[in-house]
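In: My questions are about this predicted structure, shown below with the sequence.
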Amino acid sequence: MKSVGTVLHSIGPLFILRSKKVRIKDIGADAYIGEKKIGKVIELFGPVENPYVKIVSRKDIKDKKKFVGKDVSIR
């Protein structure tokens, strides 16, 4: 597992993170908080040095706001 950042915002079905360690090849990777799968990386945007990461959440996750501030890893 590779840590990619911390959840900054939860907007609708999306989580937004700020990262220094993510690359283009990580798009499509499964995203986890601990051992719980929360979704998939769908987009990188913003500055090249510190991009933002957009993750679409799984449909069965109801209270997405509780994930704000949590560390996210990808596999």
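Out: Looks like it came in fine.

In: Residue 19 touches residue 50, doesn't it?
Out: Yes - counting by CB atoms under 8 Å, residue 50 is a contact partner of residue 19 at 7.1 Å. Glycine gets a C-beta too; all of them are placed from N, C-alpha and C.

In: between the two, which one's more packed in?
Out: The neighbour comparison of residue 19 against residue 50 (other CB atoms under 10 Å) goes to residue 19, with 20 against 12.

In: List the residues that contact the more buried one.
Out: Counting by CB atoms under 8 Å, 6 or more residues apart in numbering, residue 19 makes contact with 4, 5, 50, 51, 52, 53.

In: Please apply the same query to residue 18.
Out: Shown in contact with residue 18 (CB under 8 Å, 6+ apart): 5, 6, 8, 50, 51, 52, 53.

In: which of the contacts of residue 19 has the most neighbours?
Out: residue 53 (26 neighbours).

In: Quickly list what that residue is bridged to.
Out: residue 17, residue 44 (DSSP bridges).

In: quick check: mean pLDDT across stretch 20-29?
Out: The average pLDDT within stretch 20-29 is 89.

In: Between which two of the contacts of residue 18 is the distance greatest?
Out: 6 and 51 (13.8 Å; CB to CB).
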